[in-house]
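**Student:** I would like to see how this sequence folds:
(8 chains)
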Protein chains: 8
Amino acid sequence: MKVGIIMGSKSDWPTMEHAANMLDSFGVEYETRVVSAHRTPQLLADYASSAAERGIKVIIAGAGGAAHLPGMAAAFTSLPVLGVPVQSKALKGVDSLLSICQMPKGVAVGTLAIGEAGAANAGLLATQILACQQPELLAKVDEFRQKQTDTVLANPDPAV
Amino acid sequence: MKVGIIMGSKSDWPTMEHAANMLDSFGVEYETRVVSAHRTPQLLADYASSAAERGIKVIIAGAGGAAHLPGMAAAFTSLPVLGVPVQSKALKGVDSLLSICQMPKGVAVGTLAIGEAGAANAGLLATQILACQQPELLAKVDEFRQKQTDTVLANPDPAV
Amino acid sequence: MKVGIIMGSKSDWPTMEHAANMLDSFGVEYETRVVSAHRTPQLLADYASSAAERGIKVIIAGAGGAAHLPGMAAAFTSLPVLGVPVQSKALKGVDSLLSICQMPKGVAVGTLAIGEAGAANAGLLATQILACQQPELLAKVDEFRQKQTDTVLANPDPAV
Amino acid sequence: MKVGIIMGSKSDWPTMEHAANMLDSFGVEYETRVVSAHRTPQLLADYASSAAERGIKVIIAGAGGAAHLPGMAAAFTSLPVLGVPVQSKALKGVDSLLSICQMPKGVAVGTLAIGEAGAANAGLLATQILACQQPELLAKVDEFRQKQTDTVLANPDPAV
Amino acid sequence: MKVGIIMGSKSDWPTMEHAANMLDSFGVEYETRVVSAHRTPQLLADYASSAAERGIKVIIAGAGGAAHLPGMAAAFTSLPVLGVPVQSKALKGVDSLLSICQMPKGVAVGTLAIGEAGAANAGLLATQILACQQPELLAKVDEFRQKQTDTVLANPDPAV
Amino acid sequence: MKVGIIMGSKSDWPTMEHAANMLDSFGVEYETRVVSAHRTPQLLADYASSAAERGIKVIIAGAGGAAHLPGMAAAFTSLPVLGVPVQSKALKGVDSLLSICQMPKGVAVGTLAIGEAGAANAGLLATQILACQQPELLAKVDEFRQKQTDTVLANPDPAV
Amino acid sequence: MKVGIIMGSKSDWPTMEHAANMLDSFGVEYETRVVSAHRTPQLLADYASSAAERGIKVIIAGAGGAAHLPGMAAAFTSLPVLGVPVQSKALKGVDSLLSICQMPKGVAVGTLAIGEAGAANAGLLATQILACQQPELLAKVDEFRQKQTDTVLANPDPAV
Amino acid sequence: MKVGIIMGSKSDWPTMEHAANMLDSFGVEYETRVVSAHRTPQLLADYASSAAERGIKVIIAGAGGAAHLPGMAAAFTSLPVLGVPVQSKALKGVDSLLSICQMPKGVAVGTLAIGEAGAANAGLLATQILACQQPELLAKVDEFRQKQTDTVLANPDPAV
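**Tutor:** Purely as a prediction, here's the structure:
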C-alpha cells in the first residue's frame, strides 16, 4: 500500500474516486477510507500517526466546507499530505480551498484544485512523488504526460 | 474554572485577550492556553476531551488562517464551543471565518465576528450561556447591556 | 418551551426545519414562528424581549440576504442567540453569513454554517447549551455524538 | 429639520460627516444622532417611527460590519431611507455593503458606496429627493453639478 | 408620468417588471424603456437629460454585468436615480452590484438589492420618494407596509 | 497624436502615468486628459466620438470604483479601448476590475491588471496595436521585450 | 489569416466560437486551434512565437481555471493578445479572470468579460485593432455598431 | 542539488527565502533562481525540462498576481512541483492562489498558503517528499515537528 486516500464523507467519493482512478492508471497501490476529522477525530489521529509504519508514503485527503481533514492528517504525520478541496454546496469550494490551503508555518498540505480535477491531480502528484524513488513509475508518468500531449496534438480542431 | 480560552498561537493573544477581559468584567473564571491544532494535536485532543470533567462549561477557541482549532475542539467534546476568527495577514480573516463557521452537520461551532469584536463577544456569549443556570450572572449581563445602552443614550451627538 | 426557533420568512422553513428535527431527536421542547425583522419589527422586539420570561433559554434565528433577524433578536434579549445564514439566491448565503456574523462588540450572535448543516447544528448547539444544566441532555448529546462516530467507523469504504 | 443622519457609533462620524457637509453646502437642515441598532434598539424604533411626524423627510443611516441600522430604520418608517456602508476593519466594508443593500422585497434601502464617497452622495441624493418638491433646491443641485463639471473641464491636465 | 424605468436590455425585463408591478400597486404612473448605456449612449444622454422636463421625478435603472446604465443616467440628470443590479450569469450580480453602487463623490445612485427583490424595492422606494409630496401616496405606502406586517402576523407557523 | 490617455480624476494620474511612461519609452505620441464619465459625461461623449477623426488610434482609459469611463468611451467610438482598473480605497480595485471588464456583447474593452502594472501594460498593448502597421514600432517592442528578458537572465540570483 | 483563435481545450469551444462568429460577421480571416498551455507547452511556444511571421496580427486566447494560455502566448510574441476567461465549474470564471488579467508589468493581455460575451467581444476588439489599418473594416465595425444601436432604438418596449 | 527554488521576480525573494531557510534547517541542498514565466519563457522551459536530469527532485515555484510560473514549470517536467502564492499588492494573493491552484486535470501543482508561511511550508513539504527515500531526512523532519510541538507545550501561557 503506497497511498492512503481518505475523505470526510461518503459524499466525497464521486470527487475522490478520480484520485483513485489516476493511481489505478499508474498501477500504484492505494487504500481508501472514510475518515471524518469531526465525527471520528480519534480515527484520524490513529490513521495518520500510524500511516508511515503501515508503509503509506503519501496521504491524499479530500474534504469540503470547513475541510479540516487534510490539515489535521498533516498534524499527525511527517508523510507528505495532499489536500483536495471538495466543491461545497453554498460556497462552491471556496471555503474548502481556503481551509485546506491556508495552513500555518510548520505543518504543510500540498493543495490541489477544487473538485474532480484536483482529485485526479492529487493522484498524479502522489505518483510523481513516489516516482522520485521508482524509476519505472517515472517512466509511466512521462508516458502519461506524453500521451496527454499527443491527444491534444492529434485533435487540433476545437470544433470537431 | 468555567470557561477555557484556547488559541492556536501566542500571536492570537492581542485578539483573544478581549474574550478574557469580557469574562473578567463579569467575574467569570476562566483559563487561557495556547493549544495548536496543527503543532500540538494530541494536546488539543486531551484538552478538549477532558474539559468537561475538569469543570469547563464552555470552550472559546480563536485561530487564524486555516483555523482548525475551534472545529477540532468541538470534535473532541460535547461542550459548547465558540469560535473566534482571528484576522489573518493576507486574507484579513475571510479564511479564518470560513474555516471556523462552515462546519458539517453533527459537530457545531458558534462563530463570532472576525477579530477583537468577535473575541469580546465570545466572552459575552459564554457568559450568556453560563447565565442560563446562574441567575446572578444573568443580572450582570442585563446590567452590562443596560449600561451599554445608557452610554449610547447619554452621548447622542456623534461629533462631540 | 426551551428553545425558540424564529425565521424571517416561510421560505426559510425547509432550511430551519433541520434545527427543529435536531431538537426533536434530543426531546428538547421548542416553538417555531415566522418573525420578520423588516416586516414585523415590533413583533421581533416583543418576541425577543419577552422570551426569557416565557421560559425560553436559547433563541435560534434563521434569515437570508440582509439577514438582520438574529442580530436584532440579540439586541432585545440577554439570552444566547444562535444565527443560521439561509442560502440566498444570488449570493449563495455569503450576504447572510456576513450580516449575521459580523456583529459589533457588545451584542453577540453565535453563527452556524450556511444552510441546512448550519440549521441542524444550531439545534445541536442549543442542546449542548441546555445540557450544561441538564445532565440527562448531556448524556443524549454524548450518545448522539457516539452514534455518529460509530456510523462512520462502521462504514469505512467510501465506494459502497 | 428635513434630514435625519443617524449612525451606529461615534466612530462612524469621520465617514458620516461627509453627508452632513454635503447637506450644509445645499443649506438643507438636518440633525445628527448616534442610534445603535444593537445597543439601543428601542431608540432606533422610536427614532424611525416618529421621524415623519417630526418633519423628517429622508433618513440617512450609516453603519459598518453587520450594519443593521439602515434596514431596521426602514422597517420602522415609510420615509425613504438611504444607507451608507462604513468601511469595516477586516472586510473593508464588503460586510457593511451586503448587509445594507441585500434587503428583502417590501422594505427598501437606497444604498450608496462604501465610505466617504457614499456618505457624501447620501447627502446629495437626500437633497435630490427633497428637490422634487423644492424648486430652489433643484437649482442648487443643478448648480453644484455644473460647478463640479466646470472644475473638471477647467483642469484637463492630470499631471498638473 | 412620474417614474421612468429603464433597463439595458430586454433580458432585464423579467427582473425589472417587479419594479413596474410595485408602482402599479400604488397607482403610480411610469414609463418603461430599453436604454442601453453601451449600445445607445446618445439615447441615454437624451433620455436622462430630458427626463425632468418631461415630468419624470425618479429614474429607476436596471442593468447587469458592467451595469453602467444607472450611474450614467445619474450623470445626465439631477433627478434621484435608483439602481437595480440584475443578476448576471457568471458572477451572480456581484459585478452589477459593485458597478452600480461604488459611484464616486458627486454623482449618486441609490442602489437596491440584486435581482427581483431589488427591482420591487426600487418601485417601493420611488413611491416613498414621491410620497414626500403626495400625502395620498404616503397613506398607500403605510397601508402596503401594514398589510405586509399583517400577513406575517396572520401566518405565524412556518411549517403550514 | 496616436494614443489618448484619459482618466476619471487627477487622483488616477500616479497610476496612469505608467501608461504615459511606457508610450514615451517607445516614442509613441499621446495626449492625456481628465475626462470624468460622471462629472463630464458630455465631454466623454465628445472626446470619444471625435477621437478617430483627430487621428487617435487607441484610447487608454483608467478609472477606479464604479469605473464607467472605459466602457462608456468604448460606447462612443469604434476605436480599440483599453481599460485600466485603478486600485480603489475600500475594495482594492475589485470593483474597478469588474466594472471595466464585464462589458456586454457588442461593446468591448480590453482590460489590463489592477493598478500600475496594468497602466504600464496598457501603454505596451497600445504600442503593440500600433505596431501592426508600423514595422519600426514592432522592432522597438521586440527590443523592449528582449531587453526585459536579458535583464532577468543577467540577474539570476534572487538574493543579490 | 489575420487572427489566431486558440483555446486550452475542446470544451472551451462553445464559448470561443462566439469569437469566431464575430470575426465571420466582419469577414475577417482566422484560424482556430486547441493549444494547451499545460498539456502542449511546446506547441504554445511554437504557435505564439511563429504567429507573426505566419501573418497573424492578433491572437485571441481563451482558457478557464488556472488559465495560463493567454499570458503565456503573450510571453512568446509581440503581437497583441486578447484573453477570454472561460466560465469555470466551481468558481464561475473568477479564477480564469484573475489568472488572465493580473499580468505583471512588461507582458500584456487585453482581457475581455467572462464567457460568451467576452469571446464575442474578443472577436470585435480584434477587428477594431485590424481596422486601424484597414479602412473597409472600420466601416464594417461602424456599421455593426450602428445596426446594434438601431436594433435597440427600434425595440424600445422591454415587455414586447 | 535536490530542490530547485524559482521565482518570477527578485521582489519575491523576501517571501521565498523562507523556503530556502527551511531547507537549510534540514540540510537539504537547493538552488535558487529568478525564472520569469512571462519575461523568460524559454528559460522556464529549459529550466523545468532539464531539472530532472540535473538531479533536481522537487521544484518550488513562487509567483504573485497572474502567477503562471508554478503551473508552467509543471507543464515542462514530470517532477513534483510545489507552488507558493506570493501576496500581491491589490488582491493580497487571492489572484496568485487561484492562478496556481486551479490547474486542470493532467498537470498538477501542490499549492501552499499565501506568503511566508506557504514558502516555509513548501520547503518543509519538499523535505517530506525527499524523506520518502532518505530515512535520515525523515528523522530530521520528525525532530523538527517534535521540537515545534515541544515549544508550544513549553509555553502554554499566551499572555507571557
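
**Student:** Compute the number of surrounding residues for residue A:154.
**Tutor:** Residues lying near residue A:154 (other Cβ atoms under 10 Å in any protein chain shown) number 7. Where you see a C-beta, it was placed from the backbone N, CA and C, and this is true even at glycine.

**Student:** ugh, wrong one, I meant residue A:11
**Tutor:** Around residue A:11 there are 13 residues (other Cβ under 10 Å).

**Student:** so which residue of chain A comes closest to chain F?
**Tutor:** residue A:94 (14.7 Å; Cβ to the nearest Cβ).

**Student:** What is the neighbour count of that residue?
**Tutor:** Neighbours of residue A:94 under the rule other Cβ under 10 Å: 23.

**Student:** near chain C, which residues of chain A?
**Tutor:** A:7, A:10, A:12-13, A:16-17, A:32-36, A:39-40, A:43, A:65-66, A:89-92 (Cβ under 8 Å from any Cβ of the partner chain).

**Student:** And those residues, which of them are buried?
**Tutor:** Neighbour-count burial (16 or more other Cβ atoms under 10 Å in any protein chain shown) is assigned, among the residues of chain A next to chain C, to A:7, A:10, A:12-13, A:16-17, A:32, A:34-36, A:39-40, A:43, A:65-66, A:90-92.

**Student:** what about chain A, any weak spots by pLDDT?
**Tutor:** A:1 (pLDDT under 70).

**Student:** Now, the residues of chain A next to chain C that are in strands?
**Tutor:** If you go by DSSP state E, the residues of chain A next to chain C have A:7, A:32, A:33, A:34 in strands.

**Student:** wait, isn't the last one in contact with residue A:5?
**Tutor:** Which is residue A:34. No: judged on Cβ atoms under 8 Å, residue A:34 makes no contact with residue A:5 at a distance of 10.2 Å.

**Student:** tell me the contacts of the closest residue to residue A:112 other than its chain neighbours?
**Tutor:** Sequence neighbours aside, residue A:118 is the residue nearest to residue A:112 in space, at 3.6 Å (criterion: Cβ to Cβ, 6 or more residues apart in numbering or on different chains). For residue A:118, the contacting residues are A:84, A:85, A:111, A:112, by Cβ atoms under 8 Å, 6 or more residues apart in numbering or on different chains.

**Student:** Out of those, which comes closest to chain H?
**Tutor:** Nearest to chain H among these, counting by Cβ to the nearest Cβ, is residue A:111 at 4.4 Å.

**Student:** Stretch A:41-48 vs chain B: in contact?
**Tutor:** Yes: for stretch A:41-48, a contact with chain B is found by Cβ under 8 Å from any Cβ, at A:41, A:42, A:45.

**Student:** distance of the second one from chain D?
**Tutor:** Counting by Cβ to the nearest Cβ, to the nearest Å, the gap from residue A:42 to chain D is 35 Å.

**Student:** how far away is that residue from residue B:44?
**Tutor:** Distance, residue A:42 to residue B:44, by Cβ to Cβ, to the nearest Å: 12 Å.

**Student:** if we can go back for a sec, out of the contacts of residue A:118, who's the most crowded?
**Tutor:** Of these, with other Cβ under 10 Å as the count, residue A:84 tops at 36 neighbours.

**Student:** helix/strand/coil for it?
**Tutor:** Secondary structure, DSSP: H, G, I helix; E, B strand; the rest coil: residue A:84 is strand.

**Student:** Hmm, it is touching residue A:120, no?
**Tutor:** No: using Cβ under 8 Å, residue A:84 makes no contact with residue A:120, being 9.3 Å away.

**Student:** Overlap in contacts, these two.
**Tutor:** Residues touching both residue A:84 and residue A:120 by Cβ under 8 Å, 6+ apart: residue A:19.

**Student:** Pull the contacting residues for the residue of chain A found nearest chain E.
**Tutor:** Proximity of chain A to chain E (Cβ to the nearest Cβ) peaks at residue A:92, 10.5 Å away. By Cβ under 8 Å, 6+ apart, the contact set of residue A:92 is A:114, C:92, G:90, G:91, G:92.

**Student:** how about the helices in chain A?
**Tutor:** With DSSP state H, the ranges of helices along chain A come out as A:13-26, A:41-51, A:69-75, A:94-101, A:116-131, A:135-154.

**Student:** now those helices in CSV, with distance to residue B:104?
**Tutor:** Formatted as CSV, the helices of chain A follow (distance: least, Cβ to Cβ, whole Å):
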stretch, distance to residue B:104
helix A:13-26, 15
helix A:41-51, 13
helix A:69-75, 11
helix A:94-101, 11
helix A:116-131, 19
helix A:135-154, 34
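
**Student:** Which among those is found nearest to residue F:106?
**Tutor:** Closest to residue F:106 of the helices of chain A is helix A:94-101 (Cβ to Cβ; 31.5 Å).

**Student:** Other residues contacting that closest one?
**Tutor:** Under Cβ under 8 Å, 6+ apart, the answer for helix A:94-101 is A:63-68, A:70-71, A:83-88, A:109, A:111, A:114, B:66-68, B:91, B:94-95, B:98-99, B:102, G:91, H:97, H:101, H:111-114.

**Student:** try stretch A:130-147
**Tutor:** Applying Cβ under 8 Å, 6+ apart, the contact partners of stretch A:130-147 are A:2-3, A:25-28, A:57-58, A:124, A:127-128, H:52, H:57-58, H:78-80, H:106-107, H:129-130, H:132-133.

**Student:** Compare the helices of chain A and give me the one nearest residue H:148.
**Tutor:** Taking Cβ to Cβ, helix A:69-75 is the member of the helices of chain A nearest to residue H:148, at 10.5 Å.

**Student:** elements contacting that closest one?
**Tutor:** Packing partners of helix A:69-75 (3 or more Cβ pairs under 8 Å, 6 or more residues apart in numbering or on different chains; DSSP states H and E): strand A:3-7, helix A:41-51, strand A:58-64, strand A:81-86, helix A:94-101.

**Student:** Most tightly packed of these?
**Tutor:** Counting by mean count of other Cβ atoms under 10 Å in any protein chain shown, strand A:81-86 has the highest mean neighbour count of these, with a mean of 32.

**Student:** strand partners of that one, parallel vs antiparallel please.
**Tutor:** Within its sheet, and counting by DSSP bridges, strand A:81-86 is paired with strand A:58-64 (parallel), strand A:110-111 (parallel).

**Student:** Next, count neighbours for residue A:52.
**Tutor:** Residue A:52: 17 surrounding residues under other Cβ under 10 Å.

**Student:** Verify the stated contact: residue A:20 with residue A:5.
**Tutor:** Yes: between residue A:20 and residue A:5 there is a contact under Cβ under 8 Å: 6.0 Å.

**Student:** Identify the contacts common to these two.
**Tutor:** A:30, A:32.

**Student:** contacting residues for residue A:73?
**Tutor:** Residues near residue A:73 by Cβ under 8 Å, 6+ apart: A:6, A:35, A:44, A:47, A:48, A:59, A:61, A:81.

**Student:** nearest to chain G, of those?
**Tutor:** Among the contacts of residue A:73, residue A:61 lies closest to chain G (Cβ to the nearest Cβ), at 18.2 Å.

**Student:** what's the spacing between the residue nearest to that closest one when sequence neighbours are not counted and residue A:56?
**Tutor:** Of all residues not flanking residue A:61 in the chain, residue A:70 sits nearest, at 3.9 Å (Cβ to Cβ, 6+ apart). Plainly put, residue A:70 is 15 Å away from residue A:56 if you go by Cβ to Cβ.

**Student:** between the two, which one's more packed in?
**Tutor:** residue A:70 (34 against 20).

**Student:** Would you mind confirming that that one is in contact with residue A:63?
**Tutor:** Yes: using Cβ under 8 Å, residue A:70 is in contact with residue A:63, at 6.5 Å.

**Student:** overlap in contacts of the two?
**Tutor:** Overlap of the contact sets of residue A:70 and residue A:63 (by Cβ under 8 Å, 6+ apart) consists of A:83, A:84, A:100.

**Student:** Turn those into TSV, columns for distance to residue A:137.
**Tutor:** Below are the shared contacts of residue A:70 and residue A:63 laid out as TSV (distance: Cβ to Cβ, whole Å):
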residue	distance to residue A:137
A:83	22
A:84	21
A:100	26
